[in-house]
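*Asks:* need a structure here:
(2 chains)
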Amino acid sequence: MEQIVRIDMTTGEARLEPLPEAYRLLGGRALTSRIVADEVDPLCDPLGPHNRLVLAPGLLSGTVLSSSNRISAGGKSPLTGGIKEANAGGNTALRLAQWGIRAVVVQGAPQPGAWYIAVVGPEGCRLEPAGDLVGLGNYAAAERLLARFGRRAALALAGPACEMRLNVAGIANTDPEGRPSRVAARGGLGAVMGAKGLKALVVLDPGGGAAPGMAEPARWREHTRPYLLELKDSPAIARYRNFGTAATLELVNKLGGLPIRSFSRGQDAATEAITGILMADVIRERGGLVSHSCMTGCAIQCSNTWVGPDGREVASAMEFETNTLLGANLEIFDFDAIARFLWECNDLGIDTIETGAAIGVAMAGGLLPFGDMDGVLDLFDQMRRGTPVGRLIGAGTATVGRVLGVREVPVVKGQAMAAYDPRVIKGNGVTYATSPMGADHTAGNSIGARVDHLDPAGKVALSRELQITAALLDSLGMCSFSRAAYVPHEAHFLELIRARFAAEVSAEDLRTLALDTIRIEVAFNRRAGLGPETDRLPEWMREVPLPPHNAVFDVPQEELDAIWQEK
Amino acid sequence: MAGEVTIHLEVYVPVRGARRWAGTASVPEGTTVADLPALVGLVETDVVTLVNGRNARPDRVLAHGDQVAILRPSEGG
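*Replies:* Below you'll find the predicted structure:
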């Protein structure tokens, strides 16, 4: 029987509940958003006892089917004030689904200063005092927990930034080798975990390659094959294996939409020092991993490991967003510096996008100069120590802008934009403005579309379709990079749902599921006080031109306002 | 030279034994964006071609002085 784990931090009780029938065909984002909408008062304090943190594997999670084990985290965001879902790789979703756990709901609040870990295993779920784990960075905490519970356990960790309830805090999940480097990063859900006093969720390995109940195992095997062959043969997937996501940098730079010097330029020749092509070469020369699976069984392998000149691993994984927001955006065109920043982000448990954008605005506001690598390292140290300046950065980009008097702050609903300037990549501008998630490219990324990104025409329709597909993949537990293989084989995925749940589901049903999820999220935001007036890019992006195209964001607002009205 | 247009070309995929290539190139008048990968001799043909920093349609005819970039399609995460 499939179940929900409910952990009440007020009473210290954890119990298993049967999965309600209404949730049977919901997973990942569809399930986290539904539970949040059903159980959380939209007007509650995100860091108070009435908010809930929900962790849910995707609908198809629980086997080693490639790229199917994203873990969704959901709750009311302390950063946006609205509903949030952030998902990550690692093995948390796999392990939870192997135990038949479809969601973990964390509610209430502990006594001040009390910290716990929750352990999911054969006896269900139990809470234990976190003891001396409190205050540890994610790497040290992971080592201790894996030494105690076995290296095949999966961990979802609240790092020091979560303990400090910083808005930039995310939930760090361990990869197959135990690195706490797969962060459900966006929207400050790590701060919600911290506010619950939950230092870690430990999910033991059930052993024996356990898989969730499968109605028709032979049908499952048959219909995974076409998808796996597509992954093997697709040039788009091969590029992820060869370059990760990092080669997006040269594309967006040539398009003139790369955030440089805190979103003030869209192109810079200095980015030649941090291209994806060069990164792959350096990793190979130094003996790092150019490709790596962040979750067991993933054949896309977009992850990597960066090693220093001495051949020792520094951090995983160097990605486009990280290289841009913590590199080009700060005018730091140096992989070794970016890798050190990335390690700090993973260890503190913070979002590289929000942090990079916040430091960029801090530089624009004169707190430190652009290009100041040591200054950035000092800011990470200050965050770790919880100094006022460290907490300022940890409060996020919008707060840094307010404190330092910077007008040109790249946020929507208080959340920083990713590494696509919306004045050029206008489809992503639509996504930033209209997604209930705030400025989040993962909600509908248009960079892969073969369109004139500068032309505002058609971008609302483009973003809408991408947002629907993203919501669907987020609900199935599928990585967004599987989209190239998922879309042509959707019929087989319908068969996988049938094989797993003995349920007849049509493509139209899945589309409805995705749209309903987005509409539930929009409705939550409206009740939380985020009206249509918040579905806007910041005013300055319609007025301040971005070189070299000298572009502004000019998709008509009326079009944005209508995006979720049609069926 | 008559019958040719000169463009500035940057190629971010392997070409002519190099990982990257950039420079000035002359192409026959009437050359379109779609013609370019074969003309340059690319093995990797699933590419994005930008002309003057914008995604160009395959039937776009190259003009003198165009800044052309050929890159891998890629998506960040």
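
*Asks:* contacting residues for the residue in chain B that chain A sits nearest to?
*Replies:* In chain B, the residue that lies nearest chain A is residue B:76 (3.2 Å; C-beta to the nearest C-beta). Placement of C-beta: from N, CA and C, glycine included. By C-beta atoms under 8 Å, 6 or more residues apart in numbering or on different chains, the contact list for residue B:76 reads A:245, A:248-249, A:252, A:319-321, A:324, A:418-420, A:441, A:445, A:447.

*Asks:* SS state for it?
*Replies:* coil (DSSP: H, G, I helix; E, B strand; the rest coil).

*Asks:* returning to what we had before: and the contacts of residue B:76 as CSV, adding neighbour count, secondary structure and pLDDT?
*Replies:* Shown next, in CSV, are the contacts of residue B:76 (neighbours: other C-beta atoms under 10 Å in any protein chain shown; DSSP: H, G, I helix; E, B strand; the rest coil; pLDDT from 0 to 100):
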residue, neighbour count, secondary structure, pLDDT
A:245, 25, coil, 95
A:248, 30, helix, 96
A:249, 29, helix, 97
A:252, 28, helix, 98
A:319, 25, coil, 97
A:320, 31, helix, 97
A:321, 24, helix, 97
A:324, 29, helix, 98
A:418, 32, coil, 98
A:419, 32, coil, 98
A:420, 31, coil, 98
A:441, 29, helix, 98
A:445, 25, coil, 97
A:447, 25, coil, 97
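
*Asks:* out of these, which is nearest to chain B?
*Replies:* Minimum distance to chain B across the contacts of residue B:76 is 3.2 Å, recorded for residue A:320 (C-beta to the nearest C-beta).

*Asks:* can you verify my assumption that that closest one contacts residue A:419?
*Replies:* Yes. Residue A:320 is within contact range of residue A:419, at 6.1 Å (criterion: C-beta atoms under 8 Å).

*Asks:* return every residue with contacts to both of those two.
*Replies:* In contact with both residue A:320 and residue A:419: A:248-249, A:252, B:76, using C-beta under 8 Å, 6+ apart.

*Asks:* just for the chain, where's the confidence low?
*Replies:* Picked chain A for this. Chain A contains residues with pLDDT under 70 at A:567.

*Asks:* that's the other chain; I wanted chain B
*Replies:* Using pLDDT under 70, chain B drops low at B:1-2, B:77.

*Asks:* rerun at 90
*Replies:* B:1-2, B:16-20, B:44-45, B:74-77 (pLDDT under 90).

*Asks:* and it, which residues reach chain A?
*Replies:* B:10, B:12, B:19-20, B:44, B:46, B:48, B:50, B:53-55, B:69, B:71-77 (C-beta under 8 Å from any C-beta of the partner chain).

*Asks:* return the residues in contact with residue A:264.
*Replies:* Applying C-beta under 8 Å, 6+ apart to residue A:264 gives the contacts A:364, A:408, A:546.

*Asks:* list the ones among those that fall in helices.
*Replies:* Secondary structure from DSSP state H places residue A:364 of these in helices.

*Asks:* so who does residue 40 touch?
*Replies:* Since you didn't name a chain, this refers to chain A. A:50-52, A:75-76.

*Asks:* let me rephrase: I mean chain B.
*Replies:* B:9, B:11, B:15, B:25, B:70.

*Asks:* in JSON lines, list those along with distance to residue A:119, secondary structure and neighbour count.
*Replies:* Shown next, in JSON lines, are the contacts of residue B:40 (distance: C-beta to C-beta, whole Å; DSSP: H, G, I helix; E, B strand; the rest coil; neighbours: other C-beta atoms under 10 Å in any protein chain shown):
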{"residue": "B:9", "distance to residue A:119": "59", "secondary structure": "strand", "neighbour count": "21"}
{"residue": "B:11", "distance to residue A:119": "54", "secondary structure": "strand", "neighbour count": "26"}
{"residue": "B:15", "distance to residue A:119": "55", "secondary structure": "strand", "neighbour count": "18"}
{"residue": "B:25", "distance to residue A:119": "63", "secondary structure": "strand", "neighbour count": "19"}
{"residue": "B:70", "distance to residue A:119": "53", "secondary structure": "strand", "neighbour count": "22"}
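
*Asks:* return the closest of those residues with respect to residue A:398.
*Replies:* Nearest to residue A:398 among the contacts of residue B:40, counting by C-beta to C-beta, is residue B:70 at 38.3 Å.

*Asks:* pretty sure the closest one contacts residue B:11?
*Replies:* Yes. When contacts are counted by C-beta under 8 Å, residue B:70 is listed as touching residue B:11 (4.8 Å).

*Asks:* can you list the residues of the stretch 151-300 of chain A near chain B?
*Replies:* Residues of the stretch 151-300 of chain A lying near chain B (C-beta under 8 Å from any C-beta): A:235-236, A:239, A:243, A:245, A:247-252, A:254-256, A:267, A:275-277, A:281.

*Asks:* can you flag which of these belong to helices?
*Replies:* Using DSSP H, those in helices are A:235-236, A:239, A:243, A:248-252, A:254-255, A:276-277, A:281.

*Asks:* for chain A, which helix is longest?
*Replies:* Per DSSP H, chain A has its longest helix at helix A:507-527.

*Asks:* quick one: distance of it to the chain centre.
*Replies:* 19 Å (C-alpha atoms, centre = their mean, to the nearest Å).

*Asks:* with stretch A:290-301 instead?
*Replies:* Taking mean C-alpha positions (C-alpha atoms, centre = their mean), stretch A:290-301 and its chain are 17 Å apart.

*Asks:* between the two ends of that stretch, what distance do you get?
*Replies:* 9 Å (C-alpha to C-alpha, to the nearest Å).

*Asks:* residues of that stretch that come out buried?
*Replies:* A:290-296, A:298-301 (16 or more other C-beta atoms under 10 Å in any protein chain shown).

*Asks:* using the three-state scheme, assign residue A:120.
*Replies:* strand.

*Asks:* pretty sure it sits against residue A:202.
*Replies:* Yes. With contact defined as C-beta under 8 Å, residue A:120 reaches residue A:202; the gap is 6.9 Å.

*Asks:* pull the contacting residues for residue A:382.
*Replies:* Contacts of residue A:382 by C-beta under 8 Å, 6+ apart are A:389-390, A:393.

*Asks:* cool, residue A:283 as well?
*Replies:* Contacts of residue A:283 by C-beta under 8 Å, 6+ apart are A:289-290, A:304-307, A:318.

*Asks:* how close does it sit to residue A:336?
*Replies:* 12 Å (C-beta to C-beta, to the nearest Å).

*Asks:* please apply the same query to residue A:178.
*Replies:* Residue A:178 sits at a distance of 24 Å from residue A:336 (criterion: C-beta to C-beta).

*Asks:* so those two - more neighbours on which side?
*Replies:* Each of residue A:178 and residue A:336 has its neighbours counted (other C-beta atoms under 10 Å in any protein chain shown); residue A:178 has more, 20 against 13.

*Asks:* what's the closest non-adjacent residue to that one?
*Replies:* In space, residue A:178 comes closest to residue A:146 once its chain neighbours are excluded; the distance is 5.0 Å by C-beta to C-beta, 6 or more residues apart in numbering or on different chains.

*Asks:* looking at it, the one you found is touching residue A:155, isn't it?
*Replies:* Yes. Residue A:146 lies in contact with residue A:155 (C-beta under 8 Å); the separation is 7.2 Å.

*Asks:* and stretch A:70-77, how far out from the chain middle?
*Replies:* 9 Å.

*Asks:* again with stretch A:236-246
*Replies:* Taking the mean of its C-alpha atoms, stretch A:236-246 sits 19 Å from the chain's own mean (C-alpha atoms, centre = their mean).
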